[in-house]
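**Student:** whatever this is, show me its structure:
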Amino acid sequence: MTERDDRHKILIVDDTKENIDLLMEVFREDYRVSAATKPERALKLARGDNPPDIILLDILMPEMDGYELCAALKRDEATKSIPVVFVTAVSEVMDAAKGFSAGAVDYITKPFHPPVVKARVRLHLDLKSKYELLESYAFIDALTEVNNRRRFDLVLESEWNRARRSGRPLSLVYVDVDHFKEYNDTLGHGAGDDCLRRLASGLSGALHRSGDFIARYGGEEFMVLLPYTSQEQAREIASYLLSVIDGLAIPHPSSPIAQHVTLSMGVVSVDPDANIQPAGIIEAADRALYAAKHGGRNRIVGGDI
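**Tutor:** Model (predicted):
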């Protein structure tokens with residue numbers, strides 16, 4: 001088995017082979033380097049399963065110049081976060097404002113001075129890594145360290161559109177902690193925070209399929225999104241989640257229904273179409289959760305849109 005290469009990947013886009021060879025010589029020792037001589041090929045590589053971490057892009061190319069290609073990359077959700085550095089000869093006309101407006105982050109001029117070129121690329125790769133780290137924190141709930149509501153909204157929209165294209169069902173489990181106010185009132189908010197952390201860890205650890213998604217929706221509420229999952233399958237997963245939390249046996253001295261912390265769940269499955277908005281599945285799951293709570297709690301209730 002070959003060892004995985006975790007080095008950053010650079011894509012060089014230039015219609016002149018000599019320029020590609022020069023830049024490859026500069027970077028091949030420290031990075032994974034690929035090249036494209038045509039804009040169409042560059043777009044395909046950038047949108048592929050193994051996209052580049054940065055793109056070095058020549059400005060003057062036939063068919064589609066660098067400005068146009070950069071703008072196309074920035075319009076695409078899949079490639080817009082890839083830093084683009086323009087490569088241009090000193091003798092060429094360079095419109096810096098136009099380049100930055102198209103979405104470029106920097107320029108490199110020919111002839112190349114390798115130490116400077118390496119330093120510029122390393123700087124933008126470091127900035128990209130820091131931005132991605134900050135962005136990931138923006139989607140994580142600080143208390144429970146599972147996804148937050150902002151992330152849930154984005155994933156729901158994405159999975160909704162994917163389900164519409166595939167024609168396969170999407171399910172949602174709306175989870176609420178039973179009598180959590182009483183838990184806090186009796187044991188204190190510090191204990192309540194610890195309880196939520198344990199519940200979030202237990203629920204997320206019980207989701208074994210790669211597409212399953214959990215988020216803290218607010219307070220003591222969690223959302224579990226289950227792509228490609230029927231109502232029957234979703235209820236089975238919800239039942240398993242209940243059993244996992246029962247197994248934690250977190251003491252709840254003020255609960256009128258059990259000696260430990262329990263959950264109520266509303267489960268809805270839908271085949272998305274143009275007549276239903278993503279908010280509809282949340283509203284339906286909320287109604288099912290309401291029925292579960294008013295039906296005695298510590299139970300699962302299914303609902304319909």
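**Student:** just give me how far the longest helix belonging to the chain sits from the chain centre.
**Tutor:** Across the chain, the longest stretch assigned as helix under DSSP state H is helix 114-138. How far helix 114-138 lies from its chain's middle: 19 Å, per Cα atoms, centre = their mean, to the nearest Å.
**Student:** give me the helices and strands touching that helix, please.
**Tutor:** Judged by 3 or more Cβ pairs under 8 Å, 6 or more residues apart in numbering; DSSP states H and E, helix 114-138 is in contact with helix 17-27, strand 54-58, strand 84-89, strand 106-110. The way it works is simple: take the backbone N, C-alpha and C, and place the C-beta from them, glycine included.
**Student:** what angle do that helix and strand 84-89 make?
**Tutor:** Relative orientation of helix 114-138 and strand 84-89, computed by axes from the mean of the first three to the mean of the last three Cα atoms, to 10 degrees: 160 degrees.
**Student:** between helix 114-138 and helix 17-27, how big is the angle?
**Tutor:** Going by the same axes, to 10 degrees, helix 114-138 makes 70 degrees with helix 17-27.
**Student:** how many residues are close by Leu226?
**Tutor:** 24 (other Cβ atoms under 10 Å).
**Student:** helix, strand or coil: sort out it for me.
**Tutor:** strand (DSSP: H, G, I helix; E, B strand; the rest coil).
**Student:** per-residue confidence at the nearest residue to it once chain neighbours are set aside?
**Tutor:** Nearest residue to Leu226 in three dimensions, chain neighbours excluded: Ser171, at 4.2 Å (Cβ to Cβ, 6 or more residues apart in numbering). Residue-level confidence at Ser171 comes out at 97, pLDDT.
**Student:** Ser171 against Met265, yeah?
**Tutor:** No: applying Cβ atoms under 8 Å, one finds Ser171 not in contact with Met265, separated by 11.5 Å.
**Student:** which strands or helices does the helix or strand bottoming out on mean pLDDT in the chain pack on?
**Tutor:** Least confident element among the helices and strands of the chain, by mean pLDDT, DSSP states H and E: helix 96-102 (a mean of 82). Judged by 3+ Cβ pairs under 8 Å, 6+ apart, helix 96-102 is in contact with helix 66-75.
**Student:** kind regards, and thank you for your time.
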